[in-house]
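Novice: What follows is a predicted protein model with its sequence.
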Amino acid sequence: MTATSVSKQQIQEWKATKTVGIIGLGDMGLLYAQKFSEAGWKVVGCDREEQYETLAKKYADSKFEVVLNGHYVSRVSDYIIYSVEAANLDKIVSLYGPSSKVGAIVGGQTSCKSPEIAAFEKYLPQDIEIITIHSLHGPKVNTEGQPLVIIDCRSYKPESLQFVESLMSCLKSKFVYLTYEEHDRITADTQAVTHAAFLSMGCAWDKLKIYPWTVNDKKWFGGLENVKVNISLRIYSNKWHVYAGLAITNPHAHQQVLQYATSATDLFAMCLDNRRKEFTERIMKAKEFVFGDHTGKLLLDDLILEKYSLSRSVSSESVNSSGNDEVQSPPPNSHLSLLAIVDSWYQLGINPYDHMICSTPLFSIFLGVSEFLFLTPKLLEQTIEAALTDNLFRKDDLEFVIAAREWSSIISAENFELYEKKFETVQEFFKPMFPEANVIGNEMIKTILQHSKRE
Ligand SMILES: NC(=O)C1=CN([C@@H]2O[C@H](COP(=O)(O)OP(=O)(O)OC[C@H]3O[C@@H](n4cnc5c(N)ncnc54)[C@H](OP(=O)(O)O)[C@@H]3O)[C@@H](O)[C@H]2O)C=CC1
Ligand SMILES: O=C(O)C(=O)Cc1ccc(O)cc1
């Protein structure tokens, strides 16, 4: 389904007469306020009331207006977008929802839609329409070409959806129309499991006190390792509540993260017992299920990723700066984190390519590196051999399995407090490296998105 066409004249009329309101001027709310107001829409926004004076001063020269609180946003706005922490959404909608202007449309940016819709249905007056959205990327990613989910939950007038589409069109994102149930099932897989994998890698390095870009044991280099390090640090450099909210509030995510932890555990146990036949058969079945129909080019090329090593900015200890001109190959790694994701897709009967319409940059990269591992001649065989016989990565794999199980338990127990504590412990460990990691990670993601065929 594509956006219905609306005349330029109609859009000009809406721009002249309608107001867009944003509750929560954090990273995403601010991105929207800036984009919409730059495109000529009248925008008002607020954050917490105690932030009013600071924000009003800070954005005095901007094209959008900062108001005191959500009541002031709601009473004047024709489309109200809640862009707040998932855990606080219910309370915030209960506060401001009843102040919504009569006949307004309401939506939200939270990453999981069932609790958001439940809050809207509970607190919004019946005359309010509900059309919600979700930009499937972080606030620093160029919005152009990225998926933007639009969910029409309760609209009474055909022009309401057209209005939302017209407003969103300035983002130049790719509209994806789903029900909220479809959205939550897909994002549990594309987002929650991807995050669980990279959170677990970071946690394992923290437990072992390893900065993988500085070690002299020459283990963590090459394209695949660069992806693991850069994406893991990228996640840990962000706000914990974004990842906690999308995993904990989405019941589908609990099951999928648990399967990921179980797959990692099962595979690791088989390696410890040297159950070669069982292990190889399981990996090959997963390969057949996920990649059996694969034809054409791979999403990613390991070679384009080789230069994105954090060690290039840590000169004295790095592998790359050894002064040795010889091109070295990384030692065989069990790549347990990648074997486990492909096994989870197989165990859950998920075809990850079906989710590409709704992919985030991180999911595309995770699928890209998994595909590379499974479909590059000889690499999978080498990996299986390393997993079964080589002790080089055993300790790392053990910590990785423990971490995956811990994240799964925290998410299933819906424990925001423990999530925050664990996340921030690892964040503290990696903090000194975030500035460099973000620069290199951004370059890497840009290159990956340019090279990958995203349909
Ligand atoms: N960051 C991302 O990559 C993406 C995030 N999302 C989702 O979008 C939502 C916003 O995320 P993001 O912008 O990153 O998070 P932020 O923490 O940057 O923004 C949320 C903002 O809402 C404010 N807030 C809290 N309570 C109120 C209130 N009563 N009234 C007004 N404002 C309030 C917060 O203030 P305070 O900090 O003081 O609590 C904060 O400034 C989340 O649900 C997130 O899951 C969706 C897509 C991508
Ligand atoms: O790409 C990712 O998975 C991110 O980490 C950024 C992100 C976070 C939350 C969302 O709801 C959407 C995108």
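Specialist: Okay, I see it. Ligands and ions are numbered 1, 2, ... in the order given.
Novice: the longest helix in the protein is where?
Specialist: helix 251-272 (DSSP state H).
Novice: Say whether ligand 1 is contacted by that helix.
Specialist: No - against ligand 1, helix 251-272 shows no contacts by CB under 6 Å from any ligand atom, the least distance being 12.7 Å. Any C-beta I mention is one placed from the backbone N, CA and C, and that applies to glycine too.
Novice: That helix: which residues count as buried?
Specialist: Neighbour-count burial for helix 251-272 flags 252-254, 256-268, 270-271 (criterion: 16 or more other CB atoms under 10 Å).
Novice: and if you look at stretch 287-302?
Specialist: Those would be 287, 289-291, 298-302, for stretch 287-302 by 16+ other CB under 10 Å.
Novice: Residues contacting it, please?
Specialist: Here stretch 287-302 makes contact (CB atoms under 8 Å, 6 or more residues apart in numbering) with 222-224, 342, 345-346, 351-352, 364-365, 367-372, 374-376, 380, 448, 451-453.
Novice: For PyMOL, write the select line for the buried members of those.
Specialist: Those of those that count as buried under 16+ other CB under 10 Å are selected in PyMOL with:
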select buried, resi 222+223+224+342+345+346+352+364+365+367+368+369+370+371+372+374+380+448+452
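Novice: pretty sure residue 238 belongs to a helix, no?
Specialist: No - counting by DSSP: H, G, I helix; E, B strand; the rest coil, residue 238 is not found in a helix; it is coil.
Novice: what sits against it?
Specialist: Contacts of residue 238 by CB under 8 Å, 6+ apart are residue 138.
Novice: Need the pLDDT of it.
Specialist: Looking at residue 238, its pLDDT reads 95.
Novice: can you redo the buried residues of stretch 287-302 as JSON lines with pLDDT and distance to ligand 2?
Specialist: Putting these into JSON lines (pLDDT from 0 to 100; distance: CB to the nearest ligand atom, whole Å) gives the following:
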{"residue": "287", "pLDDT": "98", "distance to ligand 2": "25"}
{"residue": "289", "pLDDT": "98", "distance to ligand 2": "24"}
{"residue": "290", "pLDDT": "97", "distance to ligand 2": "20"}
{"residue": "291", "pLDDT": "97", "distance to ligand 2": "22"}
{"residue": "298", "pLDDT": "83", "distance to ligand 2": "20"}
{"residue": "299", "pLDDT": "81", "distance to ligand 2": "15"}
{"residue": "300", "pLDDT": "79", "distance to ligand 2": "16"}
{"residue": "301", "pLDDT": "72", "distance to ligand 2": "21"}
{"residue": "302", "pLDDT": "66", "distance to ligand 2": "21"}
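Novice: Just the ones of those residues in helices?
Specialist: Using DSSP H, these in helices are 287, 289-291, 302.
Novice: Quickly check the residues you listed for the two that are furthest apart.
Specialist: 289 and 302 (23.1 Å; CB to CB).
Novice: The closest residue to residue 156 other than its chain neighbours: how many residues sit nearby?
Specialist: In this structure, residue 156 finds its nearest non-sequential neighbour in residue 129, 5.8 Å apart by CB to CB, 6 or more residues apart in numbering. Using other CB atoms under 10 Å, residue 129 has 23 other residues around it.
Novice: Could you tell me how many residues sit around the closest residue to ligand 1 within the chain?
Specialist: Proximity of the chain to ligand 1 (CB to the nearest ligand atom) peaks at residue 26, 1.7 Å away. Using other CB under 10 Å, residue 26 is surrounded by 18 other residues.
Novice: these two touch, right, it and residue 109?
Specialist: No - here residue 26 does not reach residue 109: they are 9.5 Å apart, not a contact under CB atoms under 8 Å.
Novice: what residues do those two have in common as contacts?
Specialist: With CB under 8 Å, 6+ apart as the test, residue 26 and residue 109 both reach residue 83.
Novice: residues contacting the nearest residue to the residue of the chain closest to ligand 1 once chain neighbours are set aside?
Specialist: Once flanking residues are discounted, residue 26 sits nearest to residue 83: 6.6 Å by CB to CB, 6+ apart. Each residue near residue 83 by CB under 8 Å, 6+ apart is listed here: 22-26, 28-29, 32, 108-109.
Novice: swap the cut-off to 6 Å and go again
Specialist: 22, 24, 28-29, 109 (CB atoms under 6 Å, 6 or more residues apart in numbering).
Novice: looking at those residues, which has the most residues close by?
Specialist: Ranked by neighbours (other CB under 10 Å), those are led by residue 22, which has 31 neighbours.
Novice: what about the protein, any weak spots by pLDDT?
Specialist: Along the chain, the parts satisfying pLDDT under 70 run over 1-3, 215-217, 302-303, 312-328, 451-455.
Novice: For ligand 2, what's the nearest residue on the stretch 301-450 of the chain?
Specialist: residue 360 (3.2 Å).
Novice: Need the phi and psi values for the closest residue to that residue other than its chain neighbours.
Specialist: Leaving aside its chain neighbours, residue 360 sits nearest to residue 136 (4.8 Å; criterion: CB to CB, 6+ apart). Torsion angles at residue 136 (phi, psi; degrees, to the nearest 10) stand at phi -90, psi 50.
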